[in-house]
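Novice: fold the following, please.
(chains A, B, C and D)
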2 protein chains.
Amino acid sequence: MARSDTKTKIIKTAEELFAIAGFHHTSLRTITAKAGVNLAAVNYHFGCKEALLEAILDRHLLPLNESRSRRLQAVADEVEGSGRTPAVEEVLRCFTEPTLALLHGDHAAGYFRMLVGRSLSDPDQTVRQLFLGRIRGVLEQLLDLLCRALPHSPRESVAWRLHFALGAMSHTLIFQEQGPLLGGLDKSTPHDEVIEMLTDFIVKGLD
Amino acid sequence: MARSDTKTKIIKTAEELFAIAGFHHTSLRTITAKAGVNLAAVNYHFGCKEALLEAILDRHLLPLNESRSRRLQAVADEVEGSGRTPAVEEVLRCFTEPTLALLHGDHAAGYFRMLVGRSLSDPDQTVRQLFLGRIRGVLEQLLDLLCRALPHSPRESVAWRLHFALGAMSHTLIFQEQGPLLGGLDKSTPHDEVIEMLTDFIVKGLD
DNA sequence: GCTATTTTCAAACGATTGTTTTAAACAGGC
DNA sequence: GCCTGTTTAAAACAATCGTTTGAAAATAGC
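Specialist: Residues are numbered from 1 along each chain as shown, chains lettered A, B, ... in the order given. Now for the predicted structure:
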């Protein structure tokens, strides 16, 4: 067995199970059993259960947020230079489209997206903080640029609308891979289409 | 001690703790200690922990959804008779405004609203099902009437947008009583104002 | 081929969970 | 008064959790 193959198996299995059943409702025994590794391997490779969650979050969230941040900064710089007002949709897509790229790159990323949606509203503060600490910076960046796109709205108003938008996004992430909330909602709608509809919805609300 | 005073104390305490820390992260020992009653009282009065959650949900959710359903039905009947197209905002308010009434009626209802927001996206399927089973009917009613308000949009498109809207709503419920997600978001904004902004946001998105 | 390090394994640990048990205290009807 | 059914009390139950242990197995370096 290759070195640290066990580590990868644990991460991938845990990612899926955390996404489906939640962090605290997935026991290390369930993870290790499904991954086919020993129970103690988690504590050996990661230290503790919480550190495993951190590793999972970092694996996708760090590059994702870097990509978001880079795009937001690019628009901010360009706006600064030209003096024009950026479009709300343009700004929003800096945040959402990297998610789409993540999806196309890795087939298993669907579970990660569920996990992201869950983390934001997790009842446990520790889980929320782990996630928020990794995304707060980009959110502030997004808010700043949104305020430029909406120069006539006070910052607090924009912040509230962004707050609502984030709710719509995380909710969508959570329920995408599982049964939909409403009857008559086609679960098999391509993710691209869903994101387009979601973007539409949010842009109209933000404007 | 008055008959079943214990029962009420358990319900009120559990409602608060469930809302703040989540159902599974609140132990019966924490609840009973804070309520000042014996541990076994929960199982005696409710049977099991899950039944306690059901009792809490029922206490506010049943009358709330009845009020919502009545208002939706009233608009549906009136529309049926006059032949006019209802406004999106009019329909939406049938769903949201009863929540506001609940808030004004009971000071402790804030915790219940948090609990509602949490339940919808709870990682545990059992909790979600308990909640969804009590609200699914009203949601279908709401969707039906929304489709009448948006006769040019296919039902599935309306369903998706309602899906997004529900995400914004539950997210708002969760984070209202606790620290906000974004910096610069005033936590002390009156609930009425928040709901007005939220309604605005959703109506624009649905339309 | 030997040593040293890393990794796996089965077993147990201590803590916490929801629930049950058994007996005691209380209530109201007659 | 006493009796019947309801409610509370303290203790124990069985199960599960994350974590630790200590020895065996596998791997790497020389």
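
Novice: nearest residue to the residue nearest the centre of chain A in space, ignoring adjacent ones along the chain?
Specialist: Central residue of chain A (C-alpha atoms, centre = their mean): A:Val116, 4.1 Å from the mean position. By the measure of C-beta to C-beta, 6 or more residues apart in numbering or on different chains, the closest residue to A:Val116 outside its immediate chain neighbours is A:Leu173, 5.7 Å from it. Using the backbone N, CA and C atoms, a C-beta is placed for each residue, glycine as well.

Novice: swap in A:Ser69?
Specialist: Leaving aside its chain neighbours, A:Ser69 sits nearest to A:Val138 (5.4 Å; criterion: C-beta to C-beta, 6+ apart).

Novice: got phi/psi on that neighbour?
Specialist: Main-chain torsions, A:Val138, degrees, to the nearest 10: phi -60, psi -40.

Novice: mind listing what it touches?
Specialist: For A:Val138, the contact set (C-beta atoms under 8 Å, 6 or more residues apart in numbering or on different chains) comprises A:65, A:68-69, A:72, A:95.

Novice: could you rerun that using 10 Å?
Specialist: Counting by C-beta atoms under 10 Å, 6 or more residues apart in numbering or on different chains, A:Val138 makes contact with A:61, A:64-69, A:72, A:94-95, A:98.

Novice: cool, A:Ala55 as well?
Specialist: Taking C-beta under 10 Å, 6+ apart, one finds A:7, A:10-11, A:14-15, A:45-47 in contact with A:Ala55.

Novice: go again with 8 Å.
Specialist: A:11, A:46.

Novice: element containing it?
Specialist: helix A:49-82 (DSSP states H and E).

Novice: I'd like the distance from that helix to the chain centre, please.
Specialist: 10 Å (C-alpha atoms, centre = their mean, to the nearest Å).

Novice: contact residues of chain A facing DNA strand D?
Specialist: A:1, A:3, A:24, A:26-30, A:39-40, A:42-43, A:48-50 (C-beta under 7 Å from any atom of the strand).

Novice: all strands of chain A, in order?
Specialist: Taking DSSP state E, chain A contains no strands at all.

Novice: low-confidence ranges in it?
Specialist: The model of chain A has pLDDT under 70 over residues A:1-4, A:103-107, A:177-181, A:183-184.

Novice: again, only using 80
Specialist: When residues are selected by pLDDT under 80, those of chain A lie in A:1-4, A:100-109, A:176-188.

Novice: how about the helices in it?
Specialist: A:5-21, A:28-35, A:40-46, A:49-82, A:88-105, A:109-120, A:125-132, A:136-149, A:155-176, A:191-206 (DSSP state H).

Novice: buried residues in the shortest one, which are they?
Specialist: Spelled out, it's helix A:40-46. Buried residues in helix A:40-46, counted by 16 or more other C-beta atoms under 10 Å in any protein chain shown: A:41-42, A:45-46.

Novice: which one of those is nearest DNA strand D?
Specialist: Of all the buried residues of helix A:40-46, DNA strand D sits closest to A:Val42, with 6.6 Å by C-beta to the nearest atom of the strand.

Novice: isn't that closest one right next to A:Ala35, touching?
Specialist: No - A:Val42 lies out of contact with A:Ala35 (C-beta atoms under 8 Å); the separation is 9.2 Å.
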